[in-house]
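Visitor: Structure of the sequence below:
(one chain, ligands or ions: 2)
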Amino acid sequence: MSSITEIAENVFRISTFISDGNIQMNQFLIKDDEPLLWHTGQKYLFNEVRAAIAKIIYPGNIRWIGFSHFESDECGSLNEWLNTAPQSEAFCSFVGANVNMNDFAVRRVRGFHNDEIIKTGKYSFRFISTPHLPHGWDSGLLFEETLRTLFCSDLFHQPGNPTAITGSDIIESVKNNLVESESGPFNSYMPYTTNTEMQLNHLAELKPNTLAVMHGSSFTGDCEKSLLDLAYVMKNVLG
Ligand SMILES: [Fe+2]
Ligand SMILES: [Fe+2]
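Guide: Ligands and ions are numbered 1, 2, ... in the order given. Alright, predicted model coming up:
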């Protein structure tokens, strides 16, 4: 069963632990005049995720559905959600919309350029284009500017079923996971490009209050430092 935790005001983390993969699949629902769902989860999780969301809002009222890149955990049940919420609009990067989504999705997907803004009521979301970070040409991230939550997708991946949100440093677990994954069948999880360090420095400059993490605990505290630490770890492990 999926668990629900409010990790920041009106930011709900819906988490399902997949024991086979030793991995959490986390989606985030932001409750506002126009509710926004970040990541849909895979198709096989749709009923569970929908049941969890129904405890927070009427699922048919979701207005925005966004995700970082084209992968099943990010957007596998996108079409199920587009059908569930008839007035909803999906969004991702311009590349993602034009290369994949406008073929994959049952209706047109908005393709955002860097720094485009969505206002959902009292909250304001900035789309940040981050090609190949965490991975995929089409990657982007989302930053909510009022409460300063950065939706990190696969960045800060920690294995297992840790607590929903922590103020303790997560970088050691993130580093160990990256090192371990490099030696297993899921190696080459994330590329290290000539832009990686600059992209992470730019994210650090946003000075988020909360990191909403897709796999593992979300983090609240000195997020600027965490992002600079991540840049250091990625350079050392992958660079
Ligand atoms: Fe991914
Ligand atoms: Fe993921």
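
Visitor: I'd like the average pLDDT over stretch 211-220.
Guide: Averaging pLDDT along stretch 211-220 gives 98.

Visitor: Convert it to PDB, retaining C-alpha atoms only.
Guide: Extracted in PDB, the C-alpha atoms of stretch 211-220 (Å, rounded to 0.1, in the frame of the first residue of the first chain):
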ATOM      1  CA  LEU A 211      14.500  18.400  -1.900                       C
ATOM      2  CA  ALA A 212      11.600  16.200  -3.000                       C
ATOM      3  CA  VAL A 213      13.300  13.000  -3.900                       C
ATOM      4  CA  MET A 214      11.800  10.300  -6.200                       C
ATOM      5  CA  HIS A 215      13.700   7.300  -4.700                       C
ATOM      6  CA  GLY A 216      14.400   7.600  -1.000                       C
ATOM      7  CA  SER A 217      13.900  10.200   1.700                       C
ATOM      8  CA  SER A 218      13.100  13.800   0.900                       C
ATOM      9  CA  PHE A 219      15.400  16.300   2.600                       C
ATOM     10  CA  THR A 220      14.900  19.500   4.500                       C
END
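
Visitor: tell me the contacts of the residue nearest to the spatial centre of the chain?
Guide: In the chain, the residue lying closest to the centroid (C-alpha atoms, centre = their mean) is residue 153, at 2.9 Å. By C-beta atoms under 8 Å, 6 or more residues apart in numbering, residue 153 lies in contact with 39, 67-69, 74, 134, 139, 141, 214. C-beta coordinates here come from the backbone N, C-alpha and C atoms, glycine included.

Visitor: Mind pulling up the pLDDT for it?
Guide: pLDDT for residue 153: 98.

Visitor: May I have the phi/psi pair for it?
Guide: Note on residue 153: its backbone torsions stand at phi 50, psi -130 [degrees, to the nearest 10].

Visitor: just the one 4 residues further on next, same as before
Guide: Backbone dihedrals for residue 157, given as degrees, to the nearest 10, come out at phi -60, psi 120.

Visitor: repeat for residue 230
Guide: phi -60, psi -40.

Visitor: what number of residues lie near it?
Guide: Residue 230 has 23 neighbouring residues, counting by other C-beta atoms under 10 Å.

Visitor: contact partners of stretch 178-194?
Guide: Here stretch 178-194 has contacts from 132-135, 154, 157, 159, 233-235, 237-239, using C-beta under 8 Å, 6+ apart.

Visitor: Mind checking which of these are in helices?
Guide: Of those, the ones assigned to helices by DSSP state H are 233-235, 237-238.

Visitor: Just the closest of those residues to ligand 2, please.
Guide: residue 234 (16.0 Å; C-beta to the ion).

Visitor: Tell me the spacing between the closest one and residue 228.
Guide: Relative to residue 228, residue 234 is positioned 11 Å away (C-beta to C-beta, to the nearest Å).
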